[in-house]
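Asks: return atomic coordinates for the entry below.
(2 chains)
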Number of protein chains: 2
Amino acid sequence: MSTSLGVNRRILLSSLALLPALIGPLRPISVQAQARDPLPSWNEGATKASILDFVARVTTQGGPFFVPVDQRIATFDNDGTLWVEQPMYVQLAFVLDRVKAMAPMHPEWKTKQPFAAVLDGDLKALAASGEKGLVELVAVTHAGMTTAEFEKIVTDWLSTARDHRFKRPHTELVYQPMLELLAYLRANGFKTFIASGGGIEFMRPWTERIYGVPPEQVIGSSIKTRFEMKDGAPTLFRLPDINFIDDKVGKPIGINEHIGRRPIAAFGNSDGDLEMLQWATLGASGARFGLIVHHTDAEREYAYDRQSHFGKLDVALDAAAVNRWTVVDMKKDWKRVFAFE
Amino acid sequence: MSTSLGVNRRILLSSLALLPALIGPLRPISVQAQARDPLPSWNEGATKASILDFVARVTTQGGPFFVPVDQRIATFDNDGTLWVEQPMYVQLAFVLDRVKAMAPMHPEWKTKQPFAAVLDGDLKALAASGEKGLVELVAVTHAGMTTAEFEKIVTDWLSTARDHRFKRPHTELVYQPMLELLAYLRANGFKTFIASGGGIEFMRPWTERIYGVPPEQVIGSSIKTRFEMKDGAPTLFRLPDINFIDDKVGKPIGINEHIGRRPIAAFGNSDGDLEMLQWATLGASGARFGLIVHHTDAEREYAYDRQSHFGKLDVALDAAAVNRWTVVDMKKDWKRVFAFE
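Replies: Residues are numbered from 1 along each chain as shown, chains lettered A, B, ... in the order given. Below is the predicted model:
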């Protein structure tokens, strides 16, 4: 046997020595999954069962709902689905901190809105500046540098910024049950993508380390860039012009642009995810899965939905009932919310 | 050993039975590569050696040029780099055929430019209609239907259209040496992407089957889409508005948007690929690889460069010399051009 394969004794022996490490991959995935609970932070019940059931269906070879590996595409919203979005989106906290950090170089901001509102911590005046004010803040904090420089700014900020309530880095305020879900899907052949209204280049510096989602599987909002050769080195310079808003109808559009096929599973938590969930689950044959994280736990995290300023969940919650999307009751379904608990 | 891993005898025995199939993966990749020629359609010489040398460098663990697997990103132009682009881009042949197929429903086209030029086969009048005329032709042939409908139109056309010179489907006019190169890079842990000036949704229906590149790893030019719920089913409707042109400076911009990190290798054949090659290879540390396919074989394929209407290679050829990019001399470096030879 070995000679016909051109394998010498030494390689065969070292192969055998490696066998224990290989036993895992050799076993069919469904056996692996049964061996231990793949979702230990999820309480037993209908929600957890719906996830396990869906994955079992699409991975059962020869079964009526089997889906080939290359078509196992799952898309996840980020804010409120994978990490905390209250009391404000993390990216907005970044904007406010950046304005403060940049203020010494802009003395005129002291008397100029919306900057003065940020520097004075006057959130009411900030809100009064409306979308125009916000766009202006995003422009000065997100544009005017190269993509490499922006990546460093984000990375540096995340390493020092702390959530005010939990006193922890934002990258620790990720939902442990969702991390398990991401890993569980990948272990079952899924390619996991993020499709977020947040900035694509605000997420990419850390999604691989925190979520196991590489930069090329992150979809988000973006500003335009300009290619320039500078002292013999190519750069992409970030411009103060919106390129794409990856929210609401933008989510299926962005998913189509980046992935080019429809996901078979989508995970969100707000009205901004409605169209993504529709795109993944409706009017298509085969098993499809939609899931909405409902924030019901004011004690361990936050409780909000129909009237919330960030992550409003209203139309999508009604749609979930009609379309049989799984709704996670955070308080009831999650054994723990964060890894540090 | 087996009990501590929770592995029962049956699993262990079936694992052993599978061992021959595993010997390949167990051997280090460099050993695999030596076992047989991974690029059999490439003649021996400096060009082939430069490819093998680059891959050996970035995959040699502990070596000075080692690159972790997740950063092994390679981007390929399509027209003229992976398949034939003469005497005209395949997508232009598609446009002309579509206009003819749609003409019975548009009697007014008989006397209206640029349509009349297409119907009369008058390429001179077509050229006279300029970019405006071309945009009009693209609009009527590429927009006005859903993404799913367009995918079917492309797939149907490709299954019947034949190249006039070679009398074969366009998907057979792909360069065998480049297919081997794609497979060789993937076998060495690379993720291979297409970054083409061609339409992203013109390529996605067939790139996985022909090149082994899945839709989510295809970057190209695009038109805008609109999300609509139609009879309870979500659709993306293709609009006659340009969204993105993935050519020249658009290539690094598109690559950054889709991948979010710089490739370490890029492959092109024309001035449209210059900025992609710069983005992949210049001003960055570590081993980088740029390659240009120079069409020098009028007998087996075509010979063209500095003055060509399609796939003009002028500035990029000069840049290749300065930047030490590998230039493929198709006639000399390729043992065969197509698989059917």
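Asks: phi and psi next, for A:K132.
Replies: phi -60, psi -40 (degrees, to the nearest 10).
Asks: before we move on, what about A:N78?
Replies: The phi/psi pair for A:N78 (degrees, to the nearest 10) is phi -100, psi -70.
Asks: so it touches A:G199, yeah?
Replies: No. The criterion here is Cβ atoms under 8 Å, and A:N78 misses it with A:G199 at 10.3 Å. The C-beta positions use only the backbone N, C-alpha and C, and glycine is treated the same way.
Asks: who has more neighbours out of the two?
Replies: Using other Cβ atoms under 10 Å in any protein chain shown, the more surrounded residue of A:N78 and A:G199 is A:N78, with 27 against 20.
Asks: quick one, strands of the stretch 51-200 of chain A?
Replies: A:73-76, A:191-199 (DSSP state E, counting those that start in this stretch).
Asks: packing partners for the shortest one?
Replies: What that stands for is strand A:73-76. Judged by 3 or more Cβ pairs under 8 Å, 6 or more residues apart in numbering or on different chains; DSSP states H and E, the packing partners of strand A:73-76 are helix A:176-187, strand A:191-199, strand A:265-268.
Asks: quick one: closest of the ones you listed to A:L92.
Replies: Among these, the nearest to A:L92 by Cβ to Cβ is strand A:191-199 (9.8 Å).
Asks: returning to what we had before: chain B: which of the helices and strands packed on strand A:73-76 is closest?
Replies: strand A:191-199 (7.3 Å; Cβ to the nearest Cβ).
Asks: got any ranges where chain A has weak pLDDT?
Replies: A:1-35 (pLDDT under 70).
Asks: tell me the domain boundaries of it?
Replies: Following automatic domain parsing, one gets these domains for chain A: A:28-87+A:168-234+A:241-333, A:90-160.
Asks: any idea which of these is most buried?
Replies: Compared across those, domain A:28-87+A:168-234+A:241-333 shows the largest average neighbour count, a mean of 19 (mean count of other Cβ atoms under 10 Å in any protein chain shown).
Asks: so which of the strands of the stretch 51-200 of chain A is nearest B:L92?
Replies: strand A:73-76 (31.4 Å).
Asks: may I have the closest one exported as CSV, CA atoms only?
Replies: Extracted as CSV, the C-alpha positions of strand A:73-76 are listed here (Å, rounded to 0.1, in the frame of the first residue of the first chain):
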residue,chain,number,x,y,z
ILE,A,73,-23.3,31.4,3.9
ALA,A,74,-24.3,33.1,7.1
THR,A,75,-24.4,36.9,7.7
PHE,A,76,-24.4,38.6,11.1
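Asks: and the contacts of that strand?
Replies: With contact meaning Cβ atoms under 8 Å, 6 or more residues apart in numbering or on different chains, strand A:73-76 is reached by A:82, A:178, A:182, A:185, A:190-195, A:213, A:219, A:251, A:255, A:259, A:261-268, A:276, A:280, B:216.
Asks: tell me who's in contact with the closest residue in space to A:F115 that isn't next to it in sequence.
Replies: Counting by Cβ to Cβ, 6 or more residues apart in numbering or on different chains, A:F115 lies nearest to A:W109, which is 3.5 Å off, once chain neighbours are set aside. Counting by Cβ under 8 Å, 6+ apart, A:W109 touches A:V99, A:A103, A:F115, A:A116, A:L119.
Asks: so how far is chain B from the third one?
Replies: So the one you mean is A:F115. A:F115 sits 29 Å away from chain B, taking Cβ to the nearest Cβ, to the nearest Å as the criterion.
Asks: show me what counts as buried in stretch A:161-170.
Replies: The neighbour-count check on stretch A:161-170 (16 or more other Cβ atoms under 10 Å in any protein chain shown) flags A:A161, A:D163, A:H170 as buried.
Asks: okay, those in CSV with distance to chain B next?
Replies: Output for these, formatted as CSV (distance: Cβ to the nearest Cβ, whole Å):
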residue, distance to chain B
A:A161, 22
A:D163, 25
A:H170, 19
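Asks: which of those residues fall in helices?
Replies: Nothing among the buried residues of stretch A:161-170 maps onto helices, per DSSP state H.
Asks: about what we covered before: redo the domains of chain A as a markdown table? Include distance to B:A320.
Replies: Below are the domains of chain A laid out as a markdown table (distance: least, Cβ to Cβ, whole Å):
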| stretch | distance to B:A320 |
| --- | --- |
| domain A:28-87+A:168-234+A:241-333 | 15 |
| domain A:90-160 | 25 |
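Asks: about what we covered before: tell me which of the contacts of A:W109 is nearest to A:R209?
Replies: Taking Cβ to Cβ as the measure, A:V99 is the one of the contacts of A:W109 closest to A:R209, at 26.7 Å.
Asks: now do the same contact list for that closest one.
Replies: Counting by Cβ under 8 Å, 6+ apart, A:V99 touches A:W109, A:F115, A:V118, A:L119, A:L137, A:V140, A:T141.
Asks: cool, A:E228 as well?
Replies: When contacts are counted by Cβ under 8 Å, 6+ apart, A:E228 is found next to A:P234, A:T235, A:L236, A:F237.
Asks: do the same with A:R162
Replies: Contacts of A:R162 by Cβ under 8 Å, 6+ apart are A:R168, A:P169.
Asks: distance to A:R36 added to the helices and strands packed on strand A:73-76, as CSV?
Replies: CSV is the format used below for those (distance: least, Cβ to Cβ, whole Å):
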stretch, distance to A:R36
helix A:176-187, 11
strand A:191-199, 20
strand A:265-268, 22
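Asks: looking at these, which is closest to A:H309?
Replies: The nearest among the helices and strands packed on strand A:73-76, by Cβ to Cβ, is strand A:191-199 at 14.0 Å.
Asks: surely A:L39 meets A:Y184?
Replies: Yes. Using Cβ under 8 Å, A:L39 is in contact with A:Y184, at 6.1 Å.
Asks: name the residues contacting each of these two.
Replies: A:I51.
Asks: what does the stretch 201-341 of chain A put close to chain B?
Replies: Within the stretch 201-341 of chain A, the positions adjacent to chain B are A:201, A:204, A:208, A:214-218, A:222, A:225-227, A:229, A:231-236, A:243, A:249, A:252-253, A:256-261, A:275, A:278-279, A:282-284 by Cβ under 8 Å from any Cβ of the partner chain.
Asks: out of these, which sit inside helices?
Replies: A:E201, A:R204, A:E208, A:P252, A:I253, A:N256, A:E257, A:H258, A:E275, A:Q278, A:W279.
Asks: so which of these comes closest to B:R57?
Replies: The shortest approach to B:R57 among those belongs to A:E208, at 23.6 Å (Cβ to Cβ).
Asks: which residues touch the closest one?
Replies: Contacts for A:E208 (Cβ under 8 Å, 6+ apart) come out as A:P214, A:P215, B:D70.
Asks: with adjacent residues omitted, what lies nearest to A:T235?
Replies: Spatially, and ignoring its direct neighbours in sequence, A:T235 is nearest to A:T146 (4.6 Å; Cβ to Cβ, 6+ apart).
Asks: what bridges to the one you found?
Replies: Listed by DSSP bridges, the beta-bridge partners for A:T146 are A:F237.
Asks: before we move on, the earlier item: quick one: which of the helices and strands packed on strand A:73-76 is nearest B:L291?
Replies: The nearest among the helices and strands packed on strand A:73-76, by Cβ to Cβ, is strand A:191-199 at 27.9 Å.
Asks: residues near A:F338, how many?
Replies: Neighbour number of A:F338 under other Cβ under 10 Å is 20.
Asks: need the contact list for it.
Replies: So A:F338 contacts A:F166, A:E172, A:L173, A:V174, A:Y175, A:Q176, A:R300 (Cβ under 8 Å, 6+ apart).
Asks: and those, which is closest to B:Y89?
Replies: A:V174 (45.6 Å).
Asks: quick check: residues of the stretch 51-200 of chain A near chain B?
Replies: A:D70, A:I73, A:T147, A:K191, A:I200.
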